[in-house]
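Visitor: Sequence below, structure please.
(chains A and B)
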Amino acid sequence: MDDLDRRLLNRLQHGLPLVREPWVALAAELDSDEAVLRQRVQALLDDGTLTRFGPMFDIERLGGAFTLAALRVPEERFEEVAELLACMPEVAHNYRREHVWNMWFVLGCASYAEIEGCIGLIEVATGLRVLNLPKEETYHVGLHFPL
Amino acid sequence: MSACISPSDEPLARRLIAFTEAGLPLVADPWAWLAEQLQLSVDDCLALLQRLQANGLIRRIAAVPNHYRLGYRHNGMTVWDVDDEALAQLGPAVGALPFVSHCYRRPRRGDWPYNLFAMVHGRSAEDIEPDRETIRALLGDACNADEMLVSSRILKKTGLRLGGA
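Guide: Sure, this is the predicted structure:
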């Protein structure tokens, strides 16, 4: 990764400008050539430095209901419960975290009633209580890794 | 959260999400490519993107780094028990710190006292400690307790499904 890659990545994490000729605008900003910039992005995608180039959506704006939830899973049952959640389409991601609440997952459903139904299902299937922590306010969302 | 996308934009937005699931092609005129998919004129397509960005459905058209690959292997979910009356002011201040990627207010529960969540990323667990100190200093006396929950394994990772479809 050279200096141009770094400047390009830092700039692109903030997004391609929504102007008629975005790559021309970016090339002017970075004092480079638009075709070169696109080749650089392609190379960074090809070598795995970037996972994706495209629009990032706040899917919740289209409706639906979401929550962050957690379980306290006994170690000997950890894999079994992880497998159960992996099979549920409502579970978007699931992480092990080092805490007594050791399993943290995001649920996405069409409505909050469905979220509650889904939580009830998990509680019945596992015999464990679900900690349900829907967000009440968003203060910030924006992944930015300075390079 | 209330959606503020106009009824006429909503079906276009859903198609836009489907068409760009794999990303945007790296072509000189990406809006022309999108316009063709959506059967709009290029100007209408760009105007649509601008509206959707203004109302928050599109956060940005971005390059997403593989943060594991860049060395940011540790994500710490820092959780804070902050006085309720101070949160409206302190929540946005924590969210504005450069190393915080996500910051939310969530409800307290009987055995869960934490109402402020801030996700912090670092190259190592120790890397995150100074960031926690910064948050602690910012919250000051308004914070009664805090913890950090470090992720040690990804058990499942898929995108959020479209809600309300």
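Visitor: Residue A:16 belongs to a strand, doesn't it?
Guide: No - counting by DSSP: H, G, I helix; E, B strand; the rest coil, residue A:16 falls outside a strand, being coil.
Visitor: max-length helix in chain B?
Guide: Longest helix in chain B by number of residues (criterion: DSSP state H): helix B:125-139.
Visitor: Residue A:107 is in what secondary structure piece?
Guide: strand A:103-109 (DSSP states H and E).
Visitor: mean confidence for the longest helix of chain B?
Guide: When pLDDT is averaged over helix B:125-139, the result is 92.
Visitor: And it, what's buried?
Guide: Buried residues in helix B:125-139, counting neighbours by 16 or more other Cβ atoms under 10 Å in any protein chain shown, are found at B:127, B:128, B:131, B:132, B:134, B:135, B:139. Yep, even glycine has a C-beta here, placed from its N, CA and C like the rest.
Visitor: Likewise for stretch B:35-54?
Guide: Quick answer for stretch B:35-54 (16+ other Cβ under 10 Å): B:35, B:38, B:40, B:45, B:46, B:48, B:49, B:51, B:52, B:53.
Visitor: check whether it contacts chain A.
Guide: Yes - on the criterion Cβ under 8 Å from any Cβ of the partner chain, stretch B:35-54 is in touch with chain A at B:42, B:46, B:49, B:50, B:53.
Visitor: Mark which of those are part of helices, please.
Guide: Cross-referencing the residues of stretch B:35-54 next to chain A against helices under DSSP H gives B:42, B:46, B:49, B:50, B:53.
Visitor: Please save the CA atoms from stretch A:25-41 in PDB.
Guide: Extracted in PDB, the C-alpha atoms of stretch A:25-41 (Å, rounded to 0.1, in the frame of the first residue of the first chain):
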ATOM      1  CA  ALA A  25     -14.100  15.100  -8.600                       C
ATOM      2  CA  LEU A  26     -12.200  12.600  -6.500                       C
ATOM      3  CA  ALA A  27      -9.200  12.700  -8.900                       C
ATOM      4  CA  ALA A  28      -9.100  16.500  -8.600                       C
ATOM      5  CA  GLU A  29      -9.200  16.300  -4.800                       C
ATOM      6  CA  LEU A  30      -6.500  13.700  -4.600                       C
ATOM      7  CA  ASP A  31      -4.400  15.200  -7.400                       C
ATOM      8  CA  SER A  32      -4.500  11.900  -9.400                       C
ATOM      9  CA  ASP A  33      -6.200  10.400 -12.400                       C
ATOM     10  CA  GLU A  34      -9.700   9.000 -12.300                       C
ATOM     11  CA  ALA A  35      -8.900   5.800 -14.200                       C
ATOM     12  CA  VAL A  36      -5.900   5.200 -11.900                       C
ATOM     13  CA  LEU A  37      -8.100   5.600  -8.800                       C
ATOM     14  CA  ARG A  38     -10.600   3.000 -10.000                       C
ATOM     15  CA  GLN A  39      -7.700   0.600 -10.800                       C
ATOM     16  CA  ARG A  40      -6.400   1.200  -7.300                       C
ATOM     17  CA  VAL A  41      -9.800   0.400  -5.700                       C
END
